[in-house]
Each structure stands twice: as structure tokens, then as C-alpha cells.
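> coordinates for the following, if possible.
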Amino acid sequence: MTAVLGAVGRAAAGVWWYLREVSGETAYDRYVEHSRRHDAGAEVLSRREFERRRQDDRDRSPQQRCC
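Predicted coordinates:
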């Protein structure tokens with residue numbers, strides 16, 4: 001029974017990871033990680049500012065979207 005619950009938990013974690021990747025929710029986490037790795041002294045944008053800039057970029061380049 002424990003093995004089955006472990007397998008279900010791993011499957012659920014995999015689905016959760018996939019959904020976060022596809023939806024773009026992990027973009028900020030990757031940005032922060034990249035910024036800290038390449039320039040430790042640089043100021044990292046807040047999530048709000050990051051999302052605002054990301055949305056502004058999408059609005060300037062609507063041809064990159066499917067809809």
C-alpha cells in the first residue's frame with residue numbers, strides 16, 4: 001500500500017511540475033536563479049515587476065502568441 005501511495009505521490013508531483021512549466025509559472029524562479037548565478041551583486045526584480053515587464057514584452061510582440 002505504501003508503494004502505491006508513493007507512486008501516486010510521484011505521479012502527482014510530476015503532473016504539478018509539468019503544469020507549472022507549461023503555464024510559465026516557473027519563469028520568475030528561473031530568472032532569479034539565473035540572475036544570482038551570473039551577477040551576485042545585481043538587483044533582482046520583484047515578481048510583480050518581472051511579470052509586468054514580461055506582459056509588456058508580450059503586448060509589444062503579439063505575433064509570438066498563438067491567439
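
> where's the longest helix belonging to the chain relative to the chain centroid, distance-wise?
Counting residues, the longest helix found in the chain (DSSP state H) is helix 2-23. Centroid separation for helix 2-23 versus its chain: 17 Å, with C-alpha atoms, centre = their mean, to the nearest Å.

> same for that helix, what does it pack against?
Identification of packing neighbours for helix 2-23 by 3 or more C-beta pairs under 8 Å, 6 or more residues apart in numbering; DSSP states H and E yields no helix or strand. The way it works is simple: take the backbone N, C-alpha and C, and place the C-beta from them, glycine included.

> could you list the low-pLDDT ranges of this protein?
64-67 (pLDDT under 70).

> who's in contact with the residue nearest to the spatial centre of it?
Centroid-nearest residue in the chain: T26, 1.0 Å away (criterion: C-alpha atoms, centre = their mean). The contact partners of T26, taken as C-beta atoms under 8 Å, 6 or more residues apart in numbering, are R20.

> and it, how close does it get to G14?
In this view, T26 and G14 are 14 Å apart by C-beta to C-beta, to the nearest Å.

> H38: how many residues sit nearby?
For H38, the neighbour count with other C-beta atoms under 10 Å is 8.

> report the contact partners of it.
With contact set as C-beta under 8 Å, 6+ apart, H38 has no partners.

> can I get the longest helix of the chain in PDB, CA atoms only?
Once non-C-alpha atoms are left out, helix 2-23 reads as follows in PDB (Å, rounded to 0.1, in the frame of the first residue of the first chain):
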ATOM      1  CA  THR A   2       2.800   2.400   0.900                       C
ATOM      2  CA  ALA A   3       4.500   1.700  -2.500                       C
ATOM      3  CA  VAL A   4       1.300   2.600  -4.300                       C
ATOM      4  CA  LEU A   5       0.900   5.900  -2.400                       C
ATOM      5  CA  GLY A   6       4.500   6.700  -3.100                       C
ATOM      6  CA  ALA A   7       3.900   6.100  -6.800                       C
ATOM      7  CA  VAL A   8       0.800   8.200  -6.800                       C
ATOM      8  CA  GLY A   9       2.600  11.000  -5.000                       C
ATOM      9  CA  ARG A  10       5.500  11.000  -7.500                       C
ATOM     10  CA  ALA A  11       3.000  11.000 -10.400                       C
ATOM     11  CA  ALA A  12       1.100  13.900  -8.900                       C
ATOM     12  CA  ALA A  13       4.400  15.800  -8.300                       C
ATOM     13  CA  GLY A  14       5.300  15.200 -12.000                       C
ATOM     14  CA  VAL A  15       2.000  16.500 -13.200                       C
ATOM     15  CA  TRP A  16       2.300  19.500 -11.000                       C
ATOM     16  CA  TRP A  17       5.800  20.200 -12.300                       C
ATOM     17  CA  TYR A  18       4.600  19.900 -15.900                       C
ATOM     18  CA  LEU A  19       1.600  22.200 -15.400                       C
ATOM     19  CA  ARG A  20       3.900  24.900 -13.800                       C
ATOM     20  CA  GLU A  21       6.300  24.600 -16.700                       C
ATOM     21  CA  VAL A  22       3.700  24.800 -19.400                       C
ATOM     22  CA  SER A  23       1.800  27.700 -17.800                       C
END
